[in-house]
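In: Model the following, please.
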Amino acid sequence: MCFRGRLHFRELDHCPKNTERLGCRAFDVLHVALALELECETFLTSDRIQRALARAEGLDPIISPEE
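Out: Now for the predicted structure:
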């Protein structure tokens, strides 16, 4: 996927309220914020913490089996 221009992660403003409570890492926040910014219809993750953050931010994650 190629992006032209800049993405302004206004969605990052919403995530901090959940990061400490859920124990999120920077990559979890970035992944969820990008999905919100791009208005993704599908969010796939096998990470339990990332899945919790995605749900808290209004996404409906699809659970991928862990490898």
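In: And the pLDDT at residue 13?
Out: Note for residue 13: predicted pLDDT of 57.
In: oh sorry, the question was meant for residue 26
Out: Residue 26 carries a pLDDT score of 82 in this model.
In: Count the neighbours of it for me.
Out: By other C-beta atoms under 10 Å, 8 other residues sit near residue 26. In short, each C-beta sits where N, CA and C put it, glycine included.
In: Same question for the one 5 residues further on.
Out: Counted by other C-beta under 10 Å, the residues lying close to residue 31 total 18.
In: Between the two ends of stretch 49-64, how far is it?
Out: 13 Å (C-alpha to C-alpha, to the nearest Å).
In: got the buried residues for it?
Out: Across stretch 49-64, burial judged by 16 or more other C-beta atoms under 10 Å covers 50-54, 56-57, 59, 61.
In: So which of those residues sit within helices?
Out: Using DSSP state H, the subset of the buried residues of stretch 49-64 located in helices is 50-54, 56.
In: Reformat the residues you listed as a markdown table; add pLDDT.
Out: Formatted as a markdown table, these follow (pLDDT from 0 to 100):
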| residue | pLDDT |
| --- | --- |
| 50 | 91 |
| 51 | 92 |
| 52 | 91 |
| 53 | 89 |
| 54 | 90 |
| 56 | 88 |
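In: Distance from the host helix or strand of residue 35 to the middle of the chain?
Out: If you go by DSSP states H and E, residue 35 is part of helix 26-37. Distance, stretch centre to chain centre, for helix 26-37: 4 Å (C-alpha atoms, centre = their mean, to the nearest Å).
In: cool, and stretch 49-67?
Out: On the basis of C-alpha atoms, centre = their mean, stretch 49-67 sits 8 Å off its chain's mean C-alpha point.
In: nearest to residue 27, of the ones in helices among the buried residues of stretch 49-64?
Out: residue 50 (8.1 Å; C-beta to C-beta).
In: Once you drop chain neighbours, what's closest to the closest one?
Out: Closest residue in space to residue 50, ignoring its immediate chain neighbours: residue 28 at 4.4 Å, by C-beta to C-beta, 6 or more residues apart in numbering.
In: Now for that neighbour: which residues touch it?
Out: Neighbour list for residue 28: 19, 47, 49-50, 53 [criterion: C-beta atoms under 8 Å, 6 or more residues apart in numbering].
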